[in-house]
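J.: compute the structure for the input listed below.
(one chain, ligands or ions: 2)
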Amino acid sequence: MIRGIPTLDDLGDVRGKRVFVRADFNVPIEDGKITDDFRIRAALPTLNWLRERGASVVCATHLGRPKGAPDPKYSVEPVRARLAELAPEVELLENLRFDPGEEGNSAEFAESLVDGVDLYVNDAFGASHRAHASIVGPPHRLPSAMGLLLAKEVEVLLGLRNDPKRPFVAVLGGAKISDKLGVVEALLDVVDSLAIGGAMCFTFLAAQGKRIGESLFEPDQVETCGRILDQQGSKVHLPEDIIGLDAGGNVATWGTNVPDGGKGFDIGPGTAAAFSDIVIEARTVFWNGPMGMFEDARFAAGTRTLAQAMADTKAFTVVGGGDSAAALAEFGLDDDVDHVSTGGGASLELLELGDLPGLAALREAPNAG
Ligand code: ADP
Ligand code: MG
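T.: Numbers count the residues shown, from 1 in each chain. Ligands and ions are numbered 1, 2, ... in the order given. You can find the predicted model right below:
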């Protein structure tokens with residue numbers, strides 16, 4: 001039991017039992033080929049744990065965003081083929097989201113999932129912030145547990161939230177600010193410093209009255225950003241220089257005022273150095289969201305410098321977020337951080353709220369104490 005949530009050991013003897021494992025095999029697929037099987041490999045410890053103890057395992061996952069109906073484009077077939085190589089004899093159901101009952105959290109669909117099943121295991125951290133049928137339904141019906149991957153995520157992320165080694169630094173970036181303002185506020189209550197890059201920084205810079213040119217920003221969040229800066233400004237580090245494209249389409253470096261027609265796409269070298277120093281001096285670092293539009297080599301330097309600092313620091317380092325993890329992998333630094341979370345949205349929500357619908361459901365399972 002971890003924080004009132006049953007673990008695999010709390011399932012009792014699994015020999016001869018049929019176990020339903022909700023996994024997160026939502027992997028990127030191009031032309032029918034899996035381009036990164038990280039999420040499938042990440043579930044293997046749990047699948048092997050169950051198989052070695054004589055359980056028969058049936059897995060299920062969502063894949064992409066089909067609209068509650070079968071769509072060959074989102075068939076799990078490529079995942080099934082890869083899973084057959086990595087974990088023979090493990091069954092995989094068709095994409096859960098082919099049934100509207102999954103996202104609609106229908107009792108009928110949850111019943112159909114547990115039909116003929118003895119035990120339930122949730123190892124789908126990346127989906128546990130959703131109150132979907134396969135996440136919250138089975139724990140009310142069967143003895144349940146969190147898998148090894150989910151347990152690790154919970155341990156690491158709640159550890160950050162509850163008792164981080166200090167200084168604890170968070171670095172946030174990425175594109176959408178409205179998604180992340182809740183977590184900004186929650187993090188400011190626990191971190192010693194919060195560095196903000198990516199497109200996110202422009203709404204904060206606008207709140208400081210800076211000129212941001214044509215850079216991405218969210219006008220309806222300026223007021224909130226201003227309030228956050230008023231209340232917790234001493235902990236917030238914003239860029240001191242910016243790289244982007246000027247009105248003529250040429251790469252340019254500016255201070256914190258972007259001229260008319262210019263558009264910011266990366267933090268500048270001064271900012272990247274300053275953020276790196278903060279990361280190097282920290283004892284705990286959480287990073288979510290690239291510092292710039294790193295997919296374009298002209299705007300990758302800020303993210304690369306930060307990723308290198310994550311690799312070099314002696315701090316305990318945690319990365320959450322699909323694009324940040326992809327950036328780390330692209331720079332070949334993914335093995336140099338302590339924990340890469342398999343869930344972007346889920347890691348932010350767990351840090352913000354300290355709980356997830358999927359965890360709350362497991363705490364209600366008949367074998368939970
Ligand atoms: P994560 O998946 O790590 O949580 P997000 O999904 O929030 O990150 O954001 C990632 C995206 O943000 C990337 O595609 C990146 O190109 C984009 N981005 C970062 N900085 C900027 C910027 N200044 N302007 C436009 N897009 C940006
Ligand atoms: Mg993303």
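J.: and the closest residue to ligand 1 within the stretch 251-369 of the chain, how close does it get to Arg82?
T.: Relative to ligand 1, the nearest point of the stretch 251-369 of the chain is Gly321 (2.6 Å; Cβ to the nearest ligand atom). (Glycine included, C-beta is placed from N, CA and C.) Distance from Gly321 to Arg82, counting by Cβ to Cβ, to the nearest Å: 24 Å.
J.: so for these two, which sits in the more crowded spot?
T.: Between Gly321 and Arg82, counted using other Cβ atoms under 10 Å, Gly321 has the larger neighbour count: 24 against 18.
J.: now that one: phi and psi?
T.: Note on Gly321: backbone dihedrals following degrees, to the nearest 10 are phi 110, psi 130.
J.: what's downstream of the biggest helix by length in the chain, the next helix or strand?
T.: The longest helix of the chain (DSSP state H) is helix 148-162. Going down the chain from helix 148-162, the next helix or strand is strand 168-172, by DSSP states H and E.
J.: chain center to that next one, what's the gap?
T.: Averaging C-alpha positions (Cα atoms, centre = their mean, to the nearest Å) puts strand 168-172 15 Å from its chain's average.
J.: who touches it?
T.: 160, 180, 183-184, 187, 190-198, 200, 275, 278-279, 282-289, 291, 306, 315 (Cβ atoms under 8 Å, 6 or more residues apart in numbering).
J.: stretch 5-20 too?
T.: Contacts for stretch 5-20 (Cβ under 8 Å, 6+ apart): 1, 46, 49-50, 53-60, 113-114, 116-121, 138, 142-148, 151, 154, 359, 362-363, 365, 367-369.
J.: which residue sits closest to Gly173, ignoring its sequence neighbours?
T.: Among residues not flanking Gly173 along the chain, Gly198 sits closest, at 2.7 Å (Cβ to Cβ, 6 or more residues apart in numbering).
J.: gap between the one you found and Leu350?
T.: As for Gly198, its distance to Leu350 is 21 Å (criterion: Cβ to Cβ).
J.: ok, back up a step: distance from the chain centre to the longest helix of the chain, please.
T.: Counting by Cα atoms, centre = their mean, helix 148-162 is centred 12 Å from the centre of its parent chain.
J.: near ligand 1, which residues of the protein?
T.: Within the chain, the positions near ligand 1 by Cβ under 6 Å from any ligand atom are 173-176, 198-199, 216, 264-265, 288-290, 292-293, 295, 321-324, 344.
J.: repeat that for 5 Å
T.: Contacts of the chain with ligand 1, taken as Cβ under 5 Å from any ligand atom, map to 174-175, 198-199, 216, 265, 289-290, 292-293, 321-324, 344.
J.: touching, Val319 and Leu306? I think so.
T.: No. With contact defined as Cβ atoms under 8 Å, Val319 does not reach Leu306; the gap is 10.3 Å.
J.: now do the shared contacts for those two.
T.: Common contact partners of Val319 and Leu306 (Cβ under 8 Å, 6+ apart): Trp287.
J.: look at the two and report which has more neighbours.
T.: Leu306 (31 against 25).
J.: report pLDDT for the residue of the chain most remote from its centre.
T.: Distance from the C-alpha centroid of the chain peaks at Gly248, with 36.7 Å (Cα atoms, centre = their mean). For Gly248, the pLDDT comes out at 97.
J.: doesn't it lie inside a strand?
T.: No. Counting by DSSP: H, G, I helix; E, B strand; the rest coil, Gly248 falls outside a strand, being coil.
J.: and the residue of the stretch 151-300 of the chain found nearest ligand 2, helix, strand or coil?
T.: Nearest residue of the stretch 151-300 of the chain to ligand 2 (Cβ to the ion) works out as Gly174 at 6.3 Å. Three-state call for Gly174 (three-state DSSP): coil.
J.: list the contacts of it.
T.: Counting by Cβ under 8 Å, 6+ apart, Gly174 touches Lys180, Gly198, Ala199, Met200, Asn288, Gly289, Pro290, Gly321, Asp323, Ser324.
J.: now swap in Arg22 and tell me
T.: Cys59, Ala60, Thr61, Tyr120, Val121, Asn122, Asp123, Ala124, Ala127, Ser134, Ile135, Pro138.
J.: if it is in a bridge, with which residues?
T.: Going by DSSP bridges, Arg22 is paired in beta bridges with Ala60, Asn122.
J.: from Lys73, how far off is it?
T.: Separation of Arg22 from Lys73 (Cβ to Cβ) stands at 22 Å.
J.: swap in Glu155?
T.: 36 Å.
J.: which one of the two is surrounded by more residues?
T.: Between Glu155 and Lys73, counted using other Cβ under 10 Å, Glu155 has the larger neighbour count: 13 against 10.
J.: so which residues on this protein come close to ligand 2?
T.: Residues of the chain lying close to ligand 2 (Cβ under 5 Å from the ion) are Gly322, Asp323.
J.: list the ones among the contacts of strand 168-172 that fall in helices.
T.: Of these, the ones assigned to helices by DSSP H are Leu160, Val183, Val184, Leu187, Val190, Met200, Phe275, Ile278, Val279, Leu306.
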